[in-house]
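Student: Below is the sequence, then the predicted model.
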Amino acid sequence: MKFKKTHQQNLVSKPKRAFNDPVSILKSDPKFNPIPDQHVPPADFTYDVARALTADKMEAIKEAGKIVFHSFGDSGGIYGTDIQTALAVQMEEQITSADIKDAPAFIYHIGDVVYFNGLLADYPEQFYEPYKSYPAPIFAIPGNHDGDTLVQKGDQPDNEPSLTGFFDNFCTPQRVLPQGSSYRYTMDQPWPYWTLDAPFMTIIGLYSNIDGSLDDRSAAEAEQDQYNWFVGQLEKADPDRCLILAVHHPPYSLDTSHGGYQDILDAIDQATKKANRYPDLVLNGHVHCYQRFTRTLTNGNKCPYIIAGAAGYANTYKSMHKLAKDPDTQDQKIPTPFQTSLPDVVLENYNTSEPGFLRITVDNTNVKAEYFLNSFEGDNIPVEPFDSFTLNWKTHQFE
């Protein structure tokens, strides 16, 4: 008997976006795991980077007139940590081979530290072992896999509340040696969403939960704790520092699996309008590739949005997320710059073939981002960045 789809089956199938549309249709019932009540939020969600860096490093940053750091997401190597480790070695060399004034000061992880569900038992293999020789602190925000409790294919049923592994490794009261590893200390970040205060920049890190939303959609406006905190942080952010926003789910993506997240895009737009302050750079993960967009605001200001989600979980070429095919050419290789269906959003560059990470430099005037590639074959690692740009964050124009 020939199979015929029912009307009901058609209704629950995933709508397909136009290949040039960077934002997906809003989910009608997104999955949301609240932060468990056992965790008591502190009075202040800000963290001074000087608490984690040495006095010598802080002095070097001051003398250099700039701060440099690494950033990426989606690193948890549940299918093997070879790519994670190779990227870690590459980043280590950028520190050890550089003068202290030019060396990256830390990693800022954009989420999905451990797959599938951020369990404590998986941290030694997927986090501490790959970065055992990285000689600087690692900060993080959670991704969906760090907060999820859903049983995945090949995964064991969870016996831990949401975010248990994240809290026990990134939000401890003091920095201590974690259980099962002696390679690096835990971090003492204040909360899953938090603000990093550093010379020349402020990084606001959001937790976009499981399906890409800051708060339970059914909550009243006064009870949307993260969104209201976000507005307050935008209002408080020092105008004389570069403002960077980090959130796991991207507002824009042209990949075939996810696309951009409307809830996150709306939250950013509404919060920035309310606070009258827009970030100078937006960092995302979740999509397992590299994509860089430029959004031109109504006042002509430019804001780069970067997806850097190819840091280890995708450990083969086939597992990298690819862009949608152009229906006219049937080609996934889109010439850049590429105008998306949104008149204010342009795809500037992308890489869906190799793993990589960001090195970001911020000074009193500019923010420079460089994306470095590695190789699934382990050879021919390029020294020069695959992509780079410099934005004057005071004028909001590219140099």
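Tutor: Okay, I see it.
Student: Between the two ends of stretch 275-295, how far is it?
Tutor: 19 Å (CA to CA, to the nearest Å).
Student: Report the beta-bridge partner residues of the closest residue to Asn351 other than its chain neighbours.
Tutor: Closest residue to Asn351 apart from its sequence neighbours, by CB to CB, 6 or more residues apart in numbering: Tyr290 at 4.4 Å. The way it works is simple: take the backbone N, C-alpha and C, and place the C-beta from them, glycine included. Beta-bridge partners for Tyr290, by DSSP bridges, are Ala308, Asn351.
Student: Just the C-alpha atoms of stretch 79-95, please, in CSV.
Tutor: Only the C-alpha atoms of stretch 79-95 are listed here, as CSV (Å, rounded to 0.1, in the frame of the first residue of the first chain):
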residue,chain,number,x,y,z
TYR,A,79,32.0,11.5,19.7
GLY,A,80,35.7,12.0,20.3
THR,A,81,37.9,14.9,21.5
ASP,A,82,40.5,14.9,18.7
ILE,A,83,39.2,18.1,17.2
GLN,A,84,38.7,19.8,20.5
THR,A,85,42.3,18.9,21.5
ALA,A,86,43.7,20.1,18.2
LEU,A,87,42.0,23.5,18.5
ALA,A,88,43.1,23.7,22.1
VAL,A,89,46.7,23.1,21.1
GLN,A,90,46.4,25.8,18.4
MET,A,91,45.0,28.3,20.9
GLU,A,92,47.7,27.4,23.4
GLU,A,93,50.4,28.2,20.8
GLN,A,94,48.8,31.6,20.2
ILE,A,95,49.4,32.3,23.9
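Student: what's around Glu92, how many residues?
Tutor: Burial of Glu92 is recorded as 18 neighbouring residues (other CB atoms under 10 Å).
Student: For it, give its distance to Ala86.
Tutor: Counting by CB to CB, to the nearest Å, the separation of Glu92 from Ala86 is 11 Å.
Student: Look at Lys2 and report its pLDDT.
Tutor: As predicted, Lys2 sits at a pLDDT of 30.
Student: how about the strands in the stretch 1-150 of the chain?
Tutor: Using DSSP state E, counting those that start in this stretch, the strands found in the stretch 1-150 of the chain span residues 46-48, 66-72, 107-109, 138-140.
Student: coming back round to it: residue contacts, the residue nearest to Asn351?
Tutor: Taking CB atoms under 8 Å, 6 or more residues apart in numbering, we find Tyr290 in contact with 306-310, 349-352, 356, 371, 386-387.
Student: before we move on, what about Ala136?
Tutor: Going by CB under 8 Å, 6+ apart, Ala136 touches 95, 104-107.
Student: Can you give me the buried ones in stretch 269-277?
Tutor: Judged by neighbour count (16 or more other CB atoms under 10 Å), stretch 269-277 contains these buried residues: 271-272, 275, 277.
Student: Check stretch 331-349 too.
Tutor: 334, 338, 340, 342, 345-349.
Student: hmm, back to that, can you add pLDDT and give the contacts of Ala136 back as CSV?
Tutor: CSV is the format used below for those (pLDDT from 0 to 100):
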residue, pLDDT
Ile95, 98
Pro104, 98
Ala105, 98
Phe106, 98
Ile107, 99
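Student: Out of those residues, list just those in helices.
Tutor: Judged by DSSP state H, the subset of the contacts of Ala136 located in helices is Ile95.
Student: With distance to His248 and neighbour count added, can I get the contacts of Ala136 in JSON lines?
Tutor: JSON lines is the format used below for the contacts of Ala136 (distance: CB to CB, whole Å; neighbours: other CB atoms under 10 Å):
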{"residue": "Ile95", "distance to His248": "25", "neighbour count": "18"}
{"residue": "Pro104", "distance to His248": "21", "neighbour count": "23"}
{"residue": "Ala105", "distance to His248": "22", "neighbour count": "23"}
{"residue": "Phe106", "distance to His248": "18", "neighbour count": "23"}
{"residue": "Ile107", "distance to His248": "15", "neighbour count": "23"}
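Student: can you put the contacts of Ala136 in CSV and add distance to Pro137?
Tutor: Shown next, in CSV, are those (distance: CB to CB, whole Å):
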residue, distance to Pro137
Ile95, 12
Pro104, 11
Ala105, 8
Phe106, 5
Ile107, 7
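Student: Just the closest of the contacts of Ala136 to Tyr252, please.
Tutor: For the contacts of Ala136, the closest approach to Tyr252 (CB to CB) belongs to Ile107, at 23.6 Å.
Student: I'd like the distance between the residue nearest to the spatial centre of the chain and Leu323.
Tutor: Closest residue to the average C-alpha location of the chain: Ile110 at 2.7 Å, with CA atoms, centre = their mean. Applying CB to CB, the value for Ile110 to Leu323 is 20 Å.
Student: Ok, Val345 next?
Tutor: Plainly put, Val345 is 14 Å away from Leu323 if you go by CB to CB.
Student: re earlier: list just the nearest of the buried residues of stretch 331-349 to Met201.
Tutor: Nearest to Met201, judged by CB to CB, of these is Glu348 at 21.6 Å.
Student: doesn't Phe293 make contact with that closest one?
Tutor: Yes. Under the criterion of CB atoms under 8 Å, Glu348 makes contact with Phe293 at 6.6 Å.
Student: which of the buried residues of stretch 331-349 sit farthest apart?
Tutor: Pairwise over the buried residues of stretch 331-349, using CB to CB, the maximum falls at Leu342 and Asn349, 17.3 Å.
Student: Phe166: what's it in contact with?
Tutor: Shown in contact with Phe166 (CB under 8 Å, 6+ apart): 113, 118, 140, 142, 146-147, 192.
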